[in-house]
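# Predicted model and sequence below, questions to follow.
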Amino acid sequence: MKRHLLSTIGKIFDPLGLLSPFTIRVKCILQVLWMKEISWDEELPPDIQKTWCQWVSEVPRLSELHFPRYVLSSSTGEPTDVLELHCFCDASQKAYGVVIYTRVVKDCNVEVNLLVSKSRVAPLTKITMPRLELLGALLAARLARKVKAVVDLKRPSKVFFWTDSKIKLHWIKGSSKRWKSFVSNRVIEIQSRCDTSAWALCPGKQNPADFLSRGVSVEILLNSDLWWKGPQFLREVDFPTDTGNDDTSISLHDISDELKKTSDYSPLTFTVLNHNSFIDDILKISNNYMSIIRVMCYVLRFIHNVKNIERLAGHLTIKELQRAEIYLIQLVQQDESGILRVGGRLKYSDLSLEKKHPIVLPDKHPLTLIIVSENIEWKFIPPKSPNFGGPWEAGVKSFKHHLKRVVGNAHLTLEKFLTIILEIESVRNSRPLTPLSTEFDNFETLSPGHFLIGRPLTSIVEPDLLNIK
C-alpha cells in the first residue's frame, strides 16, 4: 500500500542526503504510483510490489555505513586555509541531483569528504535530456550557495562545479538571451548564483552524481569510493582543472531546438538591432541637451576612427556637433529619407529654415522633453516666505476678496460653492494683461484665458456653424 510505503520512507533520517543514491529509487516508485493513480490503501501492482520488496530487503544493511562526524576537521589544513567545495551534477529520464564534496590540501596530503547531496525525481512532463541536465545544474547552483554560506562561517571556501554535459556547459557559459524561455530563465539564475568560470567538464564515469540520477543498491553504495571520496582526480594534490576533456564545442544541430524563433538571430551570427534601446541608453546619460549631443559626437567619432585610417582627434568641431544632432534626430524619427519637417505656406517667407520648417519630434519622447526644458529657467522661493511670491500671493488675495463679498455668511451647497469658485476663477483669468493691437479702435487684450482656451473665459462662446447649410 502507498500509505505503508510512505511510512517506511519516513523512518530513514537522512537530512544531508548521504543515502540519496539509495532513497532516490523509492522516490521513483512513489512517482509511478501517483502516475497510475493508486489510492492510499490499494494493493501495489505486482511489478511495483517486487521492486518495493527488493528495496525493503536492502534497508537493514544501511546499519553498516559509517560517516565522519565532522568533515571540516583541521587535521589537514589550518582554519585559514581555503576549503574547496566540489559540486557534481547529473540527470537522467528518472531523476537528477547534485553532490558536494569538501577538499583540503596540506603538506601533500589530500582529504576529500562527502558533505551533502540532493536529488529530485524528473518532472512528469516529458522534457529533453539537456533540459534535465540544466535542472541538475540549477539545483547545484542553489545548494552550493547555501552550503558556501554555512562553510564560510568556519573558514573561507572556493566552489567548483563539474558536469559531463557539453550542451549544459555551453548554455551556462554563454549568453542567456539566445535561448527559449525555459533555458534562458534557468541560465540567468545559475549565472546570478555562481561564477560561470567555475564550471568544467568531467568524464561521465568519474561523475558521482550519476548514482543520484539512476539509483544504486546498498551493496554498490557500501563499496563505492567514487561516492564517499569523490573521483580519483580530486584525491590528487594538483588535480587537473579540465580533467583532460576541455573541448566544449558543440554543433548547431545540438542546440537549434532551444534557439529563439525570431528573425533577429541567424545560425552564424547572433546580432540584435534595436535603435530604441540605443537611444534610451544615450538619453540616460544626462538631462542636458548639449551633453547628449557631445556624447553622440564622440560615438560617431569612434565609429569614424574604426572605419578610416584618417583619425579624428582634438576638440569637437561645429560640423561634428551639427552632424551628431541631425543623426540623433534621425534616430528618434526612424525615417530613412531624412529629417521630417513641417511644411506649409511659410516656405515663401524670409524666415530661416528652422522657423519656416520646424523639425517634427514625437511629443512624448524623452529627447523631446529634454529639448523643451532646455531653455526653461526655474525660480523658486524660500520655504515659508510668501513675501517672495508677490504676484501669485496678490492673486490669492484677490480671490479671497471676491469670495468674501459674494458668499459672506451665506450657507451654500457644495455645487453652488464650486460654481462660485469657477466664476471667480473665470473673472480672474479674463483680466487684461496687455493690448493685442496698436490700433486705436481695437480694444482686444491678452488675458490668462488666452493661454488656456485661446480667448477670455468670460467671453461669449461663438456659435457652432458646422451644421448651417
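Looks like it arrived, so ask away.
# packing partners for whichever strand or helix holds Arg294?
For Arg294, the host element (DSSP states H and E) is helix 289-307. If you count contacts as 3 or more C-beta pairs under 8 Å, 6 or more residues apart in numbering; DSSP states H and E, helix 289-307 packs onto helix 275-283, helix 318-333, helix 366-372. Where you see a C-beta, it was placed from the backbone N, CA and C, and this is true even at glycine.
# Could you list the residues in contact with the shortest one?
Okay, so that is helix 366-372. 279-280, 283, 287-289, 292, 328-329, 332, 361-362 (C-beta atoms under 8 Å, 6 or more residues apart in numbering).
# By mean pLDDT, show me the worst of the helices and strands packed on helix 289-307.
In terms of average pLDDT, helix 275-283 trails the rest of those, at a mean of 69.
# can I get the helices and strands packed on helix 289-307 in a markdown table with mean neighbour count and distance to Val116?
Output for those, formatted as a markdown table (neighbours: other C-beta atoms under 10 Å; distance: least, C-beta to C-beta, whole Å):
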| stretch | mean neighbour count | distance to Val116 |
| --- | --- | --- |
| helix 275-283 | 13 | 43 |
| helix 318-333 | 16 | 54 |
| helix 366-372 | 15 | 51 |
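# Distance to Arg235 for the ones you listed - can I get that in JSON lines?
Listed next are the helices and strands packed on helix 289-307 as JSON lines, based on distance: least, C-beta to C-beta, whole Å:
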{"stretch": "helix 275-283", "distance to Arg235": "50"}
{"stretch": "helix 318-333", "distance to Arg235": "60"}
{"stretch": "helix 366-372", "distance to Arg235": "60"}
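# Out of those helices, flag the one nearest Glu444.
Counting by C-beta to C-beta, Glu444 lies closest to helix 366-372 out of these; the figure is 29.1 Å.
# which strands and helices sit next to the host helix or strand of Ile100?
Per DSSP H and E, Ile100 falls inside strand 95-106. Where contact means 3+ C-beta pairs under 8 Å, 6+ apart, strand 95-106 is packed against helix 20-35, strand 83-91, strand 109-121, helix 129-151, helix 210-214.
# okay, those, which one's buried deepest?
Most buried of the helices and strands packed on strand 95-106 by mean neighbour count (mean count of other C-beta atoms under 10 Å) is strand 83-91; its value is a mean of 26.
# Parallel or antiparallel, list what pairs with it.
Strand pairing for strand 83-91, using DSSP bridges, gives strand 95-106 (antiparallel), strand 157-163 (parallel).
# Cys297: which of those strands is closest?
Per C-beta to C-beta, nearest to Cys297 of the strands paired with strand 83-91: strand 157-163, 45.5 Å.
# can you give me the mean pLDDT across the helix holding Arg294?
On average, helix 289-307 scores 88.
# now it and helix 318-333, what's the angle there?
Interaxial angle, helix 289-307 versus helix 318-333 (axes from the mean of the first three to the mean of the last three C-alpha atoms, to 10 degrees): 100 degrees.
# now for the helices and strands packed on helix 289-307, which one comes closest to Asn207?
helix 275-283 (41.1 Å).
# Relative to Leu351, how far out is the residue lying closest to Leu132 once chain neighbours are set aside?
Distance criterion C-beta to C-beta, 6 or more residues apart in numbering; nearest residue to Leu132, sequence neighbours excluded, is Ala91 at 3.9 Å. Per C-beta to C-beta, to the nearest Å, Ala91 is found 73 Å from Leu351.
# Can you give me the distance of Ser430 to Pro60?
Per C-beta to C-beta, Ser430 is found 100 Å from Pro60.
# Which of these two has more residues huddled nearby?
Ser430 (17 against 9; other C-beta atoms under 10 Å).
# Could you list the low-confidence segments of this protein?
Low-confidence segments of the chain (pLDDT under 70): 72-81, 240-256, 260-277, 334-348, 353-355, 357, 461-462, 464-466, 469.
# Now the residue nearest the centre of it: which helix or strand?
Residue closest to the average C-alpha location in the chain (C-alpha atoms, centre = their mean): Ile188, at 7.9 Å. Here Ile188 sits within helix 181-193, counting by DSSP H and E.
# now Phe13
Applying DSSP H and E, one finds Phe13 in no helix or strand.
# And it, its phi and psi?
Dihedral pair for Phe13: phi -90, psi 110, per degrees, to the nearest 10.
# Does Ile172 touch Glu189 like I think?
No: applying C-beta atoms under 8 Å, one finds Ile172 not in contact with Glu189, separated by 10.7 Å.
# Have a look at those two and say which one is more surrounded.
Using other C-beta under 10 Å, the more surrounded residue of Ile172 and Glu189 is Ile172, with 23 against 15.
# hang on, the earlier thing: need the winner for burial among the strands paired with strand 83-91.
Buried most deeply of the strands paired with strand 83-91, by mean count of other C-beta under 10 Å, is strand 95-106, with a mean of 24.
# relative to helix 20-35, how tilted is that one?
Angle, strand 95-106 to helix 20-35, by the same axes, to 10 degrees: 170 degrees.
# on that earlier part again, and the helices and strands packed on strand 95-106 as CSV, adding distance to Val406?
Output for the helices and strands packed on strand 95-106, formatted as CSV (distance: least, C-beta to C-beta, whole Å):
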stretch, distance to Val406
helix 20-35, 79
strand 83-91, 81
strand 109-121, 78
helix 129-151, 72
helix 210-214, 86
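# and Phe440, which of the ones you listed is closest to it?
Short answer: helix 129-151, nearest of these by C-beta to C-beta, at 85.7 Å.
# which strands and helices sit next to the closest one?
strand 83-91, strand 95-106, strand 109-121, strand 157-163, helix 166-173, helix 181-193.
# tell me how far the fourth one is from the chain's mean position?
Right, strand 157-163. Taking C-alpha atoms, centre = their mean, to the nearest Å, the mean C-alpha location of strand 157-163 is offset from the chain mean by 25 Å.
# check contacts around Asn308.
Contacts of Asn308 by C-beta under 8 Å, 6+ apart: none found.
# and it, backbone torsions?
phi -120, psi 150.
# how near is it to Met296?
18 Å.
# What is the burial count for Gln191?
Using other C-beta under 10 Å, Gln191 is surrounded by 17 other residues.
# Now do the buried residues in stretch 3-20.
5, 17-20 (16 or more other C-beta atoms under 10 Å).
# In PDB, could you pull the C-alpha coordinates for that stretch?
What follows is stretch 3-20, C-alpha atoms only, in PDB (Å, rounded to 0.1, in the frame of the first residue of the first chain):
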ATOM      1  CA  ARG A   3       0.500   4.500   2.900                       C
ATOM      2  CA  HIS A   4       2.900   1.800   4.100                       C
ATOM      3  CA  LEU A   5       5.400   2.900   1.600                       C
ATOM      4  CA  LEU A   6       5.500   6.500   2.800                       C
ATOM      5  CA  SER A   7       5.600   5.400   6.400                       C
ATOM      6  CA  THR A   8       8.700   3.300   5.700                       C
ATOM      7  CA  ILE A   9      10.500   6.100   3.800                       C
ATOM      8  CA  GLY A  10       9.800   8.500   6.700                       C
ATOM      9  CA  LYS A  11      11.800   6.200   9.100                       C
ATOM     10  CA  ILE A  12      15.000   6.900   7.200                       C
ATOM     11  CA  PHE A  13      16.600  10.000   8.700                       C
ATOM     12  CA  ASP A  14      18.900  11.500   6.100                       C
ATOM     13  CA  PRO A  15      18.800  15.300   6.200                       C
ATOM     14  CA  LEU A  16      22.200  15.700   4.400                       C
ATOM     15  CA  GLY A  17      21.200  13.300   1.600                       C
ATOM     16  CA  LEU A  18      24.200  10.900   2.200                       C
ATOM     17  CA  LEU A  19      21.900   8.000   1.300                       C
ATOM     18  CA  SER A  20      20.300   9.700  -1.700                       C
END
